[in-house]
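K.L.:
I need the structure of the sequence given here:
(2 chains)
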Number of protein chains: 2
Amino acid sequence: MSTIGIRGTFFDFIDDPWKHIGREQDAARFHADGLLVVQDGVIADFGPYGQLAPKHPGLEITHIKDRLILPGFIDGHIHLPQTRVLGAYGEQLLPWLNKWVFPEEVKYKDRDYAREGVTRFFDTLLASGTTTCQAFTTTFKVTTEELFEEASRRNMRVIAGLTGIDRNAPDYFVDTADNFYRDTVELIGRYHRNGRNLYAITPRFAMGSSEEMLARCEQLKKEYPDCWVNTHISENPAEIRTLLDLHQDCTDYLGVYEKYGLVGPKFSGGHGVWLSNDEFRRMSRKGAAVVFCPCSNLFLGSGLFRLGRATDPNCRVRMSFGSDMGGGNRFSLLATLDDAYKVGMCNNTLLDGSVNPGHQDLAEAERNKLSPYRGFWSVTLGGAEGLYIDDLLGNFDPGKEADFVALDWNGGPMAMSWHQSLAYEGEGPATVEEAANLLFGIMMVGDDRAVDETWIMGKRLYKKS
Amino acid sequence: MSTIGIRGTFFDFIDDPWKHIGREQDAARFHADGLLVVQDGVIADFGPYGQLAPKHPGLEITHIKDRLILPGFIDGHIHLPQTRVLGAYGEQLLPWLNKWVFPEEVKYKDRDYAREGVTRFFDTLLASGTTTCQAFTTTFKVTTEELFEEASRRNMRVIAGLTGIDRNAPDYFVDTADNFYRDTVELIGRYHRNGRNLYAITPRFAMGSSEEMLARCEQLKKEYPDCWVNTHISENPAEIRTLLDLHQDCTDYLGVYEKYGLVGPKFSGGHGVWLSNDEFRRMSRKGAAVVFCPCSNLFLGSGLFRLGRATDPNCRVRMSFGSDMGGGNRFSLLATLDDAYKVGMCNNTLLDGSVNPGHQDLAEAERNKLSPYRGFWSVTLGGAEGLYIDDLLGNFDPGKEADFVALDWNGGPMAMSWHQSLAYEGEGPATVEEAANLLFGIMMVGDDRAVDETWIMGKRLYKKS
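P.N.:
Numbering: from 1, shown residues only, chains lettered A, B, ... in the order given. The predicted structure follows:
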């Protein structure tokens, strides 16, 4: 049994800041001088250093100075095999897939290429402070195997699955529904809950799935109810029109997944840019989650996700944030927060009545403002709730897995440190408000350079050079 | 007389890529192995190394390897005194000014603070590859003095001016129209065309200017017709409504500036998010320029600038790009290109007919796609044209000032170099297309880390450490 202590300045969440409008700091927890006690990778104790240290005599303590220590970031939507092709030029969703993405993803049929890809993928995740992700793979079993194998070697918690597509893609890329079923069953057997791996039944997106494929997904979810379901939803207007032409019995995108019994707890739909109010209500009622991917929604021109609608207290939808790398052009969830803030502010203006008084909704406008509390909650505890893994991680509660990141609040472009010096008085943040000010600077002025160390299950796997 | 040579891989523009739809590379110029000959800071010769080197025997040559050398970036709209407060939380334009900006800018009344500010400002510009900017200062003369003095010490070409505001700001910040006139006259005398300094008559924005202030600006432009005019236009819906309440005789924002004879060549209006088609047409006809500031337009939620409309060949508006730091949350014009691409792609979707067939305009949709050609033209030669300084700089034509930047195409997050390896075959880019692919990677996946060296008038003033 190995027990270690981490001393430093800690910031995490105990509740959803959207539930504390005007008092968001009540959702956060801050220890200017804190101690995290980790036993065999799991948090055994957490609190102010002065109170805890005497309870743990002889503890071997690592003191991480001048950093803000947060739970590791959780990426709810990312595509492993787009690691190299992220940020490809000039197209909306459907032509972008055909021109850039499928030709790159098919390379992951080859085990060596897949192995190089997963190595670079996890290296970059850790350098970005991301400790857990829900990932898409390819239609080729080998890609999923390599992902789980590498995640296991690093002892990282991931949710992933063979990514099925059997229509509306090039011949060289499509699978059959039967193959998909058979491979998925095998992979679930080998990887689900093996170590920290979790399996997601993954129809790539409704437009890429025949009725037979969706029926197989329904069968899989019935046979393996403990598994997750991960897919895309309502991303691009042209995609939505095409889909509804194919499913004349459905009135909206969510309806297609509902028809096959997939919408419920542990279901994630990436994007949801064009979800109707009624779809949000149904997702809320069923406990399904949407994954907000602002870098991607802007990069592919998909549109402005209605953050203030998804967070309506009357029909709150579970939500995690995703980089959607490579539809998103950056790995870092700090970049995701940058673009999420911008999407929110554009929505804010559209809802304040200044453009069209008929569209005024001041409460929804306000919920679109991504404060540092809302932002960092969304990529830690909120992201875990969205993925139904908040029993395992997401904050520093004892019993949870000790994945965390140490942020250098001055990391970023040259302008950064002078900017950050406005945020606090002493040598480091002394209050939750000062820490939140620094975090806002990190998300809007800094970037992945702020990630100084990344720890997995109490072991440091990344240190900025 | 000092003559030096720079050898390396050069990329610049000889024309506007929007004039070469489908053949944008015809607007660019590329030398995989080129030579730039610089005499006393001015370009004396430029071309392929093999052709030029024999013509310049004994030339002292600096060989910049594994870099793309471009003309220095031109920032058409930036606020010196917001260097520290960039990226401040939670407000649209008007409350943001009052809550964050004016309290910071007033510090620049103090010469020592102003001096620290300008030092950090120019340091960060150079680290971002920006060699020329058109800058706002404050209502206090000392800020403008310090800006021009520091620019002179670094021998950088800047356009700037005392930034007048005499209403709709806190008492501690407003000036009087008479003071503004007197100080401007004095500053023009001391700085305009002194070294590389150029003076812009700068009413901050129409809402902050009384009729008397605008009349003084008109008088100044008549007395000093060689000076520039720099201001804001049509940024935020609430601002526009307030302004038109104050000017009941004007039907739109541009009309207010037209009323005072300010709209013509050398006039720049920052933002222009909500300009009507008619305003675009009038700006085009009069030779006035708009400055597109996407980071700011998203950060403050101002809206989506209609890039494809401003570039309509039937009424093309001169245009430069601006960081609008600190309404924009980053100094780097690479970040500006990142957000500009995203704004363009959102417009692309809104105009392709998939959301509303009635709004379909495929030509305008296409003009919204910010290719690397369009992007880097906009921050070099195009930016210079927008500011009416393309006779002085903007590309590598002999006779122009030798301000340039050496870009490391692998600079950026960890994912960067593997991504960039898709863009070219050999050891470096061999064709204009390969170079353009690398540039797109720099703007969408990289960041200011790509800026390895920045040169001013043939002298290296910045080298990444």
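
K.L.:
contacts, neighbours, all on C-alpha from now
P.N.:
Will do.

K.L.:
What backbone torsions are found at the residue of the stretch 51-200 of chain A found nearest chain B?
P.N.:
Per Cα to the nearest Cα, A:R84 is where the stretch 51-200 of chain A lies closest to chain B, at 4.5 Å. Here is the backbone geometry of A:R84 (degrees, to the nearest 10): phi -90, psi -30.

K.L.:
Need the pLDDT of it.
P.N.:
You'll see A:R84 listed with a pLDDT of 96.

K.L.:
ok, A:L36 - contacts?
P.N.:
Counting by Cα atoms under 8 Å, 6 or more residues apart in numbering or on different chains, A:L36 makes contact with A:5-7, A:43-47, A:396.

K.L.:
how about A:E212, what does it touch?
P.N.:
The contact partners of A:E212, taken as Cα under 8 Å, 6+ apart, are A:A177.

K.L.:
Could you do A:V106 as well?
P.N.:
Neighbouring residues of A:V106 by Cα under 8 Å, 6+ apart: A:138, A:172-173.

K.L.:
A:D312 now?
P.N.:
Here A:D312 is in contact with A:364, A:367 (Cα under 8 Å, 6+ apart).

K.L.:
on that earlier part again, which ones among the contacts of A:V106 map onto helices?
P.N.:
Secondary structure defined by DSSP state H assigns none of those to helices.

K.L.:
Compare the contacts of A:L36 and tell me which has the most neighbours.
P.N.:
Counting neighbours by other Cα atoms under 10 Å in any protein chain shown, A:F396 leads those with 28 neighbours.

K.L.:
roughly how far apart are that residue and chain B?
P.N.:
27 Å (Cα to the nearest Cα, to the nearest Å).

K.L.:
Check the secondary structure at that residue for me.
P.N.:
coil (DSSP: H, G, I helix; E, B strand; the rest coil).

K.L.:
hang on, isn't it packed against A:D12?
P.N.:
Yes: contact criterion Cα atoms under 8 Å: A:F396 and A:D12 qualify, at 6.8 Å.

K.L.:
number of nearby residues for the residue of the stretch 51-200 of chain A closest to chain B?
P.N.:
The burial count for A:R84: 24, using other Cα under 10 Å.

K.L.:
Next: A:K99.
P.N.:
By the criterion of other Cα under 10 Å, A:K99 has 14 neighbours.

K.L.:
go on, A:P170?
P.N.:
12.

K.L.:
Could I get the contacting residues of it?
P.N.:
Contacts of A:P170 (Cα under 8 Å, 6+ apart): A:98, A:102.

K.L.:
change it to 10 Å
P.N.:
Each residue near A:P170 by Cα atoms under 10 Å, 6 or more residues apart in numbering or on different chains is listed here: A:97-98, A:102-103.

K.L.:
Look up how far A:R84 lies from the residue in the stretch 351-465 of chain A positioned nearest to chain B.
P.N.:
Closest to chain B within the stretch 351-465 of chain A is A:H419: 4.5 Å, counting by Cα to the nearest Cα. With distances taken as Cα to Cα, to the nearest Å, A:H419 is found 33 Å from A:R84.

K.L.:
ok so, going back, what do A:F396 and A:D12 both touch?
P.N.:
With Cα under 10 Å, 6+ apart as the test, A:F396 and A:D12 both reach A:29, A:70-71, A:381.

K.L.:
In JSON lines, list the contacts of A:P170 along with pLDDT and distance to A:D249.
P.N.:
JSON lines is the format used below for those (pLDDT from 0 to 100; distance: Cα to Cα, whole Å):
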{"residue": "A:L97", "pLDDT": "91", "distance to A:D249": "27"}
{"residue": "A:N98", "pLDDT": "90", "distance to A:D249": "28"}
{"residue": "A:F102", "pLDDT": "94", "distance to A:D249": "30"}
{"residue": "A:P103", "pLDDT": "94", "distance to A:D249": "33"}
